[in-house]
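Asks: Turn this into a structure:
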Amino acid sequence: MTKPNQLFKAFADETRLRILNVVARRERCVCEFQRILRVPQPTISRHLAYLRRSGLLVARREGKWIHYSLATPTSSVHKALVHCVRSCFRDVDILKRDLARDGRCCKL
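Replies: Numbering: from 1, shown residues only. As a prediction, this is how the structure comes out:
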């Protein structure tokens, strides 16, 4: 089981929070994170690995692509933090901009 301090550390970084915000809407691949967040691929990959190790994301391979989605919560703290990603952070400007950018862009 993931320790609560690991979960909070995962949420403490803006890029990781942005990734969680975007993936909370649906499964994503790295190229989608790059396009929406406007962050280089190595940075995205490093944060995705951190989120996987923290137990917040799961990955599945489809051909050469790896798709990421939120992991099923394993504790009440994990469940509460995922709930906050989906609802509590709606008024955070950078998170709203990411979701707006996703809606305007064509899908890859």
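
Asks: Phi first, then psi, for His67.
Replies: Here is the backbone geometry of His67 (degrees, to the nearest 10): phi -110, psi 140.

Asks: For burial, what's the neighbour tally of it?
Replies: Applying other CB atoms under 10 Å, we find 16 residues neighbouring His67. (Each C-beta comes from the backbone N, C-alpha and C, glycine too.)

Asks: contacting residues around it?
Replies: Glu27, Arg28, Cys29, Ala59, Arg60, Arg61 (CB atoms under 8 Å, 6 or more residues apart in numbering).

Asks: Kindly reformat those residues as CSV and extend each row with distance to Arg53 and neighbour count.
Replies: Listed next are the contacts of His67 as CSV, based on distance: CB to CB, whole Å; neighbours: other CB atoms under 10 Å:
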residue, distance to Arg53, neighbour count
Glu27, 19, 14
Arg28, 18, 21
Cys29, 19, 14
Ala59, 11, 15
Arg60, 17, 10
Arg61, 17, 8
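
Asks: remind me which residues of this structure are low pLDDT?
Replies: 1-2, 104-108 (pLDDT under 70).

Asks: residue furthest from the geometric center of the chain?
Replies: When distances are taken from the C-alpha mean of the chain, Gly63 lies farthest, 21.4 Å away, according to CA atoms, centre = their mean.

Asks: about what we covered before: widest-spaced pair of the contacts of His67?
Replies: Arg28 and Arg61 (14.0 Å; CB to CB).
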